[in-house]
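In: Next input, structure requested:
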Amino acid sequence: MHKDSILKIIYRFFDLIVLTYIIFDFGYSVNKVYNTPKLVGLVMITVSLLAFNIFKFYYLKKKGHKKVALANSLIIGILLFVSIIVSLANIDLHYLDVLQLIRPILEAGLLFYFIIRLMILVRFIYEVYYNPAIVFVGSFFAIIMIGSFLLMLPRATTEGITFTDALFTATSAVCVTGLIVMDTSTDFTIVGQSIIITLIQIGGLGILTFTSFFAFFFRGSSSFKEGLNVRDFISQDTLKDVLKAALNVVIFTLSVELIGAAFIYSSIVENPEIENKLFFSVFHSISAFCNAGFSTLTNGLSENYIRFNYYMQWIVIFLVVFGGLGYNIIFNFYQYLKIHVVEFFDRKRIHKQISIMTLNSKIVLYTTGALLVGGFIFLWFSEMNNMLNLHDTFFGKITATAFNSVTPRTAGFNTMDFTQYTVPSLLFIIFLMWIGASPASTGGGIKTSTFALATLNIFAIARGKSRIQLFGRRISSESTSRAFAILCISLIIIGFAILALLIFEPKGTDLLTVVFECFSAYSTVGLSLNFTPTMTEPSKYIIIVTMFIGRIGMLNLMIGLLRQINHQFYEYPKENILIN
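Out: Just a heads-up that it's a prediction; the model follows:
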């Protein structure tokens, strides 16, 4: 047998050992008798991994593989070095107590090592498989199934969980929806909540973006197929620097979430009701930026001891808006500001008159602004004599209205009970949920650009124009056709979901409640009129499918399945069809 084949077998053997240890360590509570062998085994596995990766680094010839081996060696080596320092600092303690101290450090190393190995496996899969759309959809499905089984581990929940509820929770997390059939606060342990927030982070960014980040970090290059896979998810127009763009996306996301967590922590640091403030801050920062809507509080942000924390609500608002705008829009706006700041401070510099802000960015920003302002005005007047009476101050009323005009845009957080809203407000919130966030963002819905193009096309047809012209640009007919296809598909999927729920739910179920739930599921919002926990088993699967389709986009799946590679070099005779 070839030496490389032997190395691969050893690598897979180590992967299996690490995976088994992680599952049993985090997922199962073992008898105290086995604590000592488990801790000793952790040290042995870590030391063996370090030795093997050092050997692999000196043996391998390929530069990319050597980088991975070096990175693994450095990570594990640093953690072992820190463990030794901690051990020497506590040399007076019993060796078992010392092992307990260094246990979290070594566990973190094993987790990070396994993540790297998982990313390499995924990268290998989508280098082999040629269809980007199918790989994109398959990655979400795989993460959902893995998340479901992880949530079924004994230490993930307080009293156990069925496969249906685990699948529902994992789908809601990966699809960054926020609908829950179990209380995240009381039914899930800290392990279960950590699994949920990890699924949210992966679902918000996409497994392909994470994989590309590791590929760029370790190898500095990518294949043509890999570029195709990642390009569609982060909405790059070209394959140039697509891996670098993925790197920027990950760094930007983690940076914003870290800053958001720091601000949230400062807003609740004096709140005695919140126990683990650091975990609370990180959890809600990730959940807000990824537009997930999950909370570690039983009643979400409507809990009495946090409902009137307006400082925190504004932090969540900004995180939701940043996450919902999309990376391309934010990066494009950053370039716009950067050039204008340079021109302001250095007026002698001559810049070419070029259009820095793309048409896509302008459409998204104008549409987002119009929806935020329009939503604020509508909810202000519709709830002035209703839910806004709960807030004594004028600033509180403004904050509550702003928060509730932002959260239907796929965020899913609630500071008030939506069952107490007026019917006009609920109908308008359904409209906001349907539109959702922007393309290439962490949010769902039909997207702001789709709604804008559909609206502009209506006015163009009414004026007798054959194409849409905006800001000195002509919008392609392909974009308009795609927008109307997405719009129609969304209404068809939501319509079928509503019919299915009305069939599977008991007679007398409120129609508005079902409609609200289905729009929330498809647009990955997570708002509910307290209907989700009461659903029947078949209805849960309907919502699971609806959330999944809403996140991946039915059109993406259809394009992946039906698009033909060959080109037609002929056209059939044209004939008009009577429409009205």
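In: give me every residue that touches the residue nearest to Ser523 when sequence neighbours are not counted.
Out: Using C-beta to C-beta, 6 or more residues apart in numbering and skipping residues adjacent in sequence, the residue nearest Ser523 is Gly445, 4.0 Å away. Bear in mind the C-beta positions are built from the backbone N, C-alpha and C, glycine included. Gly445 sits next to Arg409, Thr410, Met433, Trp434, Ile435, Gly436, Ala437, Tyr522, Ser523, Thr524, Val525, Gly550 when contact means C-beta atoms under 8 Å, 6 or more residues apart in numbering.
In: what do you get for Arg409?
Out: Asn291, Val320, Gly324, Leu371, Leu432, Met433, Ile435, Gly436, Ala437, Gly443, Gly445, Val525.
In: now Pro424
Out: For Pro424, the contacting residues are Ser382, by C-beta under 8 Å, 6+ apart.
In: How about the backbone phi and psi for it?
Out: phi -60, psi -40 (degrees, to the nearest 10).
In: same deal with Ile475?
Out: Reported as degrees, to the nearest 10, the phi and psi values for Ile475 are phi -80, psi 130.
In: Give me the number of neighbouring residues for the closest residue in space to it that isn't next to it in sequence.
Out: Distances taken as C-beta to C-beta, 6+ apart put Ile468 closest to Ile475, at 4.3 Å, once the chain neighbours are dropped. By other C-beta atoms under 10 Å, 21 other residues sit near Ile468.
In: Any figure for the gap between Ile468 and Asn389?
Out: Ile468 sits 44 Å away from Asn389, taking C-beta to C-beta, to the nearest Å as the criterion.
In: what's the answer for Leu254, then?
Out: The gap separating Leu254 from Asn389 is 40 Å, by C-beta to C-beta.
In: Look at the two and report which has more neighbours.
Out: Leu254 (15 against 10).
In: tell me which element the more buried one is part of?
Out: Element membership for Leu254, per DSSP states H and E: helix 242-268.
In: helices or strands up against the helix or strand just after that helix?
Out: Downstream of helix 242-268, the first helix or strand assigned by DSSP H and E is helix 277-289. Packing contacts for helix 277-289, counted by 3 or more C-beta pairs under 8 Å, 6 or more residues apart in numbering; DSSP states H and E, involve helix 190-205, helix 242-268, helix 310-325.
In: what's the average pLDDT for the strand or helix carrying Val86?
Out: Secondary structure from DSSP H and E places Val86 in helix 63-89. Computed over helix 63-89, the mean pLDDT rounds to 75.
In: So which residue is dead centre in the protein?
Out: Closest to where the C-alpha atoms of the chain average out (C-alpha atoms, centre = their mean) is Gly204, at 1.3 Å.
In: and it, what is it in contact with?
Out: With C-beta under 8 Å, 6+ apart, Gly204 has these contacts: Val176, Thr253, Ile286, Phe289, Cys290, Asn291, Ala292, Gly323, Thr442.
In: Scan the residues you listed and report the most crowded one.
Out: Neighbour counts for the contacts of Gly204 (other C-beta under 10 Å) peak at Ala292, which has 36 neighbours.
In: so it touches Ile180, yeah?
Out: No. Shown here, Ala292 and Ile180 do not form a contact pair, counting by C-beta atoms under 8 Å, at 10.8 Å.
In: ok, Cys175 touching Gly444?
Out: Yes. If you go by C-beta under 8 Å, Cys175 and Gly444 touch, sitting 7.4 Å apart.
In: So for the two, which residues contact both of them?
Out: With contacts taken as C-beta under 8 Å, 6+ apart, Cys175 and Gly444 have Thr524, Gly550, Arg551 as neighbours in common.
In: okay, the residues you listed in JSON lines with distance to Val18, pLDDT and neighbour count next?
Out: Conversion of the shared contacts of Cys175 and Gly444 to JSON lines gives the following (distance: C-beta to C-beta, whole Å; pLDDT from 0 to 100; neighbours: other C-beta atoms under 10 Å):
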{"residue": "Thr524", "distance to Val18": "33", "pLDDT": "87", "neighbour count": "31"}
{"residue": "Gly550", "distance to Val18": "35", "pLDDT": "86", "neighbour count": "28"}
{"residue": "Arg551", "distance to Val18": "30", "pLDDT": "84", "neighbour count": "23"}
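In: re the thing from before, Provide the secondary structure category for the residue nearest to Ser523.
Out: Following DSSP: H, G, I helix; E, B strand; the rest coil, the label given to Gly445 is coil.
In: measure it to Glu383 for me?
Out: Distance, Gly445 to Glu383, by C-beta to C-beta: 22 Å.
In: What values do phi and psi take at Met535?
Out: phi -70, psi 150.
In: Does it touch Ile543 like I think?
Out: Yes. The criterion here is C-beta under 8 Å, and Met535 meets it with Ile543 at 7.0 Å.
In: Looking only at neighbour counts, state which of these two leads.
Out: A side-by-side neighbour count of Met535 and Ile543, using other C-beta under 10 Å, places Ile543 first with 27 against 22.
In: Ala142 versus the more buried one, what's the distance?
Out: Note on Ile543: its distance to Ala142, by C-beta to C-beta, is 20 Å.
In: ok, how many other residues are close to Phe504?
Out: Neighbour number of Phe504 under other C-beta under 10 Å is 16.
In: Glu505 now?
Out: Around Glu505 there are 20 other residues, counting by other C-beta under 10 Å.
In: CSV please, covering the contacts of Gly204 and showing distance to Asn332 and pLDDT.
Out: Shown next, in CSV, are those (distance: C-beta to C-beta, whole Å; pLDDT from 0 to 100):
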residue, distance to Asn332, pLDDT
Val176, 23, 86
Thr253, 16, 84
Ile286, 24, 91
Phe289, 19, 90
Cys290, 21, 88
Asn291, 20, 87
Ala292, 25, 87
Gly323, 16, 85
Thr442, 17, 75
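In: Which one of those residues is nearest to Gly495?
Out: For the contacts of Gly204, the closest approach to Gly495 (C-beta to C-beta) belongs to Val176, at 23.2 Å.
In: Confirm for me that the closest one is in contact with Phe289.
Out: No. Val176 lies out of contact with Phe289 (C-beta under 8 Å); the separation is 9.8 Å.
In: residues shared between the contacts of these two?
Out: Listed as contacting both Val176 and Phe289 by C-beta under 8 Å, 6+ apart are Gly204, Thr442.
In: got the contact list for the nearest residue to the residue nearest to the centre of the chain once chain neighbours are set aside?
Out: Spatial nearest neighbour of Gly204, chain neighbours left out: Cys290 (3.1 Å); criterion: C-beta to C-beta, 6+ apart. Shown in contact with Cys290 (C-beta under 8 Å, 6+ apart): Val176, Ile200, Gln201, Gly203, Gly204, Leu205, Gly323, Thr442.
In: again, 7 Å this time
Out: Residues near Cys290 by C-beta atoms under 7 Å, 6 or more residues apart in numbering: Val176, Ile200, Gln201, Gly204, Gly323, Thr442.
In: Go ahead and confirm the third one touches Ser285.
Out: No. Gln201 is not in contact with Ser285 according to C-beta atoms under 7 Å; the separation is 10.5 Å.
In: Poorly predicted segments of the stretch 351-500 of the chain, please.
Out: Counting by pLDDT under 70, the ranges of the stretch 351-500 of the chain that qualify are 351-355.
In: The same query, at a cut-off of 50, please.
Out: Within the stretch 351-500 of the chain, the stretches with pLDDT under 50 are 353.
In: ok, which stretches of it are helices?
Out: Along the stretch 351-500 of the chain, counting by DSSP state H, counting those that start in this stretch, helices occupy 359-382, 394-406, 423-435, 448-462, 477-504.
In: Could you name the helices and strands sitting against the last one?
Out: With contacts defined as 3 or more C-beta pairs under 7 Å, 6 or more residues apart in numbering; DSSP states H and E, the secondary structure elements packing on helix 477-504 are helix 448-462, helix 511-522, helix 537-552, helix 554-562.
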